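Enquirer: Quick one, fold the following:
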Amino acid sequence: MKNVLVLMHDDSGQEARYQAALDLCRALEGHLTCLDVTILPVMAGDYAMMGGEAVLLAAEEEREQANRARMEPRLQEEGLPYSWTDVTGELGPALKDAAGLVDVIVVNRQLDDVHYPDMLGLAGEVLVKSGTPVLAVPQDAKGFNAAGHAMVAWDGSRESDAALRAAVPLLKLAERVTILEIDDGSIRVPAIEAAEYLSRHDIRPVVCRRSARS
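Expert: Residues are numbered from 1 along each chain as shown. Predicted structure coming up:
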């Protein structure tokens, strides 16, 4: 896990994404790819026919150009290996298209003060459609502590298998790992087997089991 992709867009969650991505790159000794997306405006009716869409797109392009001019010098001061790509489109498809050789994508969990962009929907869309691990941080996050306490939600599914394998490089950095199993009677692979898998990577998790009926 060396290649970190972070969404760069001038919104209230960008600083949290940026700081978390920096911390993640430092912890992994990785490379940071900044994807600055100029969002295509969604227009309907007479305003679009009168050229309003072009006006809004021009304003969005100008805003993102200023965003890069503001953020890239800060990034250069960090001394991390990075690349910067500018694209125009919708956030979800843009991140999916950029995820080919990426190990983890940094987005927001949601934005608390605005409904657009819809970061909650974006996080789910990118996770499902890209097949790449996602780090979704709160809007007010100040960074990411890779050496903290990691919790794995385990349901024994093939999806949890894949998520666990993908997360191994991060779990190796954590000071402690807890696997939380919620047993609703359909567990295919018990959490103890997940713990045994991690132990072969020198990770010693604690397993906690809870019944879905409790």
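
Enquirer: for Ala194, what are its contacts?
Expert: Val152, Trp154, Ser160, Leu164, Ile179, Pro205, Val207 (Cβ atoms under 8 Å, 6 or more residues apart in numbering). No exception for glycine: its C-beta is placed from N, CA and C like everyone else's.

Enquirer: could those go into a markdown table alongside pLDDT, secondary structure and neighbour count?
Expert: A markdown table is the format used below for these (pLDDT from 0 to 100; DSSP: H, G, I helix; E, B strand; the rest coil; neighbours: other Cβ atoms under 10 Å):
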| residue | pLDDT | secondary structure | neighbour count |
| --- | --- | --- | --- |
| Val152 | 95 | strand | 20 |
| Trp154 | 93 | strand | 28 |
| Ser160 | 89 | helix | 20 |
| Leu164 | 94 | helix | 16 |
| Ile179 | 97 | strand | 23 |
| Pro205 | 97 | coil | 23 |
| Val207 | 97 | strand | 17 |
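
Enquirer: Turn these into CSV, columns for distance to Ala136.
Expert: Below are the contacts of Ala194 laid out as CSV (distance: Cβ to Cβ, whole Å):
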residue, distance to Ala136
Val152, 15
Trp154, 19
Ser160, 17
Leu164, 17
Ile179, 20
Pro205, 22
Val207, 24
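
Enquirer: The strand or helix carrying Gln76 packs against which elements?
Expert: Per DSSP states H and E, Gln76 falls inside helix 52-78. If you count contacts as 3 or more Cβ pairs under 8 Å, 6 or more residues apart in numbering; DSSP states H and E, helix 52-78 packs onto strand 3-8, helix 14-28, strand 31-39, strand 82-89.

Enquirer: how far is that helix from where the chain is centred?
Expert: Remark: helix 52-78 is offset 21 Å from the chain centroid, using Cα atoms, centre = their mean, to the nearest Å.

Enquirer: Next: stretch 9-24.
Expert: 10 Å.

Enquirer: what's the answer for stretch 24-33, then?
Expert: Its chain's average C-alpha position is 13 Å from that of stretch 24-33, according to Cα atoms, centre = their mean.

Enquirer: Could you pull up the mean pLDDT of it?
Expert: Averaged across stretch 24-33, pLDDT comes to 97.
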